[in-house]
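> the sequence and its predicted three-dimensional model are supplied below.
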Amino acid sequence: MQLSAPTKIVFIIAVILAVLSALPVIGIAAGVLGAYSYWLLLIAFIVLAAGSLFKGV
């Protein structure tokens, strides 16, 4: 299997999700995100991995 670089939009979505998941950890209150910060980080990683595994995504 050959990996490819994710598109810019996939990378930006993954970074936004990762930053949102880090906000409650560093002490910035983000409403309900505090309870789901680890799940958001997992989703960000899955989005980034899918962008690398599938060509054109």
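The structure has been received and is ready for your questions.
> could you check how far G56 is from I9?
Between G56 and I9 the distance is 12 Å, computed by C-beta to C-beta, to the nearest Å. C-beta: built from backbone N, CA, C; applies to glycine.
> which of the two has more neighbours?
Under the neighbour definition other C-beta atoms under 10 Å, G56 and I9 were set side by side, and I9 has more, 10 against 7.
> check what pLDDT that one gets.
I9 carries a pLDDT value of 95.
> what's the spacing between it and A44?
I9 sits 14 Å away from A44, taking C-beta to C-beta as the criterion.
> and if you look at V32?
V32 is 17 Å from A44, by C-beta to C-beta.
> neighbour count for these two, which is higher?
Neighbours per residue (other C-beta under 10 Å) separate V32 from A44, with A44 holding more: 20 against 7.
> who are the contact partners of the one residue sitting closest to the centre of the chain?
The centroid of the chain falls nearest to A44 when counting by C-alpha atoms, centre = their mean (1.8 Å). A44 makes contacts with 13-15, 17-18, 21, as judged by C-beta atoms under 8 Å, 6 or more residues apart in numbering.
> what ranges does this protein have for its helices?
Ranges of helices in the chain, per DSSP state H, are 8-22, 37-53.
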